[in-house]
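A.B. asks: My questions are about this predicted structure, shown below with the sequence.
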Amino acid sequence: MPKRCYQCERDNTADQAFCGGCGAALGLNDYICEKVEEQLRDAIRDRDILETESSIKVFERAWGWRLDCQSSWKPPFNPLMAKEHLR
């Protein structure tokens, strides 16, 4: 499979490391693409981890509030119920 030069777009043989027309490194384009893809994968993975950790923290805080509300909740005073308890 011929290698196409990223700079002058000339086709070169597969065993060439540099372009026969302009002298540019033929593996550079593949190297750059590989590095960009690697960086994107890492960034997406890092974003996913951050989103997951943030979601867990929000859930834990909301769950804590719920438990706090349950433990301190008292039914409102009902004078009718108070009279029944006095009998």
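C.D. replies: Thanks, I have it.
A.B. asks: Next, the contact list for S71, please.
C.D. replies: Neighbour list for S71: empty [criterion: Cβ atoms under 8 Å, 6 or more residues apart in numbering]. In short, each C-beta sits where N, CA and C put it, glycine included.
A.B. asks: quick one, phi/psi of it?
C.D. replies: Per-residue torsions, S71: phi -70, psi -30 (degrees, to the nearest 10).
A.B. asks: in this structure, which helix or strand is least confident?
C.D. replies: Taking mean pLDDT, DSSP states H and E as the measure, the helix or strand of the chain with the lowest value is helix 79-86, at a mean of 61.
A.B. asks: Distance from whichever strand or helix holds E60 to the middle of the chain?
C.D. replies: For E60, the host element (DSSP states H and E) is helix 28-72. In this view, helix 28-72 has its centroid 5 Å away from the chain centroid, taken as Cα atoms, centre = their mean, to the nearest Å.
A.B. asks: Averaged pLDDT, that helix. What do you get?
C.D. replies: Across helix 28-72, the average pLDDT comes to 86.
A.B. asks: these two touch, right, K3 and N12?
C.D. replies: Yes - contact criterion Cβ atoms under 8 Å: K3 and N12 qualify, at 4.9 Å.
A.B. asks: which residues are in contact with both of those two?
C.D. replies: Each of L26 lies in contact with both K3 and N12 under the rule Cβ under 8 Å, 6+ apart.
A.B. asks: Any idea how many residues pack against T52?
C.D. replies: Counted by other Cβ atoms under 10 Å, the residues lying close to T52 total 10.
A.B. asks: try S55
C.D. replies: 10.
A.B. asks: distance of it from A62?
C.D. replies: Plainly put, S55 is 11 Å away from A62 if you go by Cβ to Cβ, to the nearest Å.
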